[in-house]
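A.B. asks: Predicted model and sequence follow; I will ask about them next.
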Amino acid sequence: MQIYFDCFSSVKKDCYKFISSQETSNEKFKNKDKMISNFLIPICFWINKKLKKNKTIIIGLSGGQGTGKTTISAIIEIILKKYFKLSVFKISIDDFYKTRKDRIKLSKNIHPLLKTRGVPGTHDINLMINFFKNIKKIKFKSMLLPKFDKSVDDRFKKKKWYKLKSKPDVVIFEGWCVGAKAQVLKDLKKPINLLEKTDDKSMKWRKFVNYQLLGKYKKFHKMLDHLLYLKAENFTLLKKWRLKQEKKLSINNKRKKNLKIMTNKEVLDFMMTYQRITENMFKNTPKYSSVVMNLNNGHQIKKVKFYK
């Protein structure tokens, strides 16, 4: 379509500049023209059609570890700003992780596994809900929102937090468990991996996490206007991609002190805490998503389906 070609011509330079900033000497993006023009631009036109006058649209972008949520959301943001002239605010569920200190308290009071960031219950869910409520109000109040530093496994100091001074046209809220739904209790009984078998014999951790999805996380997910889902072919691929992600994090932060960069074994152990919800999302999230982006084993979008 000519209109897509015009859009691509308009945003190509900015998109390429961002992609270049994400590449390393060993890791280069492939088929970026196709990704932008065939998949992401049509999604942006779809988002633009969903806009309503004087209302902010909240787009959830979900996908397993290492699927490329941060990259995809950033390119969508560029296109919406550059071509459609929209104001866009992008933030991750990761930015709402509880502080390391608070997670240590959780691990002592409820279960040791809750020291590890990631699963529902390790985020400041009340702050997330208040953020969405404020966005949806006619009279918007400026907000200071947290920013999380994975390299030290804790929040940045407040001077580096996001300052949202005005109500945007679009909010892109990305995260691995955005839109996740709870399982029925009988499905929690059988351990899905070694971590659950050895470190959660009582099922206390599994039940706690599942309960979060039945409560405030469910309320929070209902506040999304639309959900976009990046679907990988299997969990084995996610482990491979997440290992690459941690290596890149190490390269980009090698000058920092007190780094909490994980070894390969630690990454794979870390991934086990994500596996149950991720596997459940593979099966069910496409059923209630507005847009599904299917990824191939080469870490590229192979197909996009629009459902709503």
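C.D. replies: Here it is on my side, so go on.

A.B. asks: Excluding covalently adjacent residues, which one is nearest to K30?
C.D. replies: Leaving aside its sequence neighbours, K30 sits nearest to Q300 (C-beta to C-beta, 6 or more residues apart in numbering; 6.5 Å). (C-beta placed from N, C-alpha, C; glycine too.)

A.B. asks: what number of residues lie near the one you found?
C.D. replies: 15 (other C-beta atoms under 10 Å).

A.B. asks: I figured it hits I36, correct?
C.D. replies: No - if you go by C-beta atoms under 8 Å, Q300 and I36 don't touch, sitting 11.9 Å apart.

A.B. asks: State the distance from the residue nearest to K30 to I172.
C.D. replies: Q300 sits 21 Å away from I172, going by C-beta to C-beta, to the nearest Å.

A.B. asks: Kindly report the same for N38.
C.D. replies: As for N38, its distance to I172 is 20 Å (criterion: C-beta to C-beta).

A.B. asks: of the two, who's got more company?
C.D. replies: Each of N38 and I172 has its neighbours counted (other C-beta under 10 Å); I172 has more, 24 against 15.

A.B. asks: Could you give the bridge partners of that one?
C.D. replies: Residues in a beta bridge with I172, per DSSP bridges, are I59, K90.

A.B. asks: tell me the contacts of it?
C.D. replies: Residues near I172 by C-beta atoms under 8 Å, 6 or more residues apart in numbering: 59, 61, 73, 76-77, 88-91.

A.B. asks: hmm, try it at 6 Å
C.D. replies: Counting by C-beta atoms under 6 Å, 6 or more residues apart in numbering, I172 touches 59, 61, 73, 90.

A.B. asks: Pipe those into a markdown table and attach pLDDT and neighbour count per row.
C.D. replies: A markdown table is the format used below for those (pLDDT from 0 to 100; neighbours: other C-beta atoms under 10 Å):
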| residue | pLDDT | neighbour count |
| --- | --- | --- |
| I59 | 98 | 25 |
| L61 | 98 | 28 |
| S73 | 97 | 23 |
| K90 | 97 | 19 |
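
A.B. asks: Not counting stretch 12-22 itself, show me its contacts.
C.D. replies: By C-beta under 6 Å, 6+ apart, stretch 12-22 touches 29, 32, 36, 74-75, 78, 82.

A.B. asks: Any idea which of those residues the model trusts least?
C.D. replies: The lowest pLDDT within these belongs to F29, with 85.
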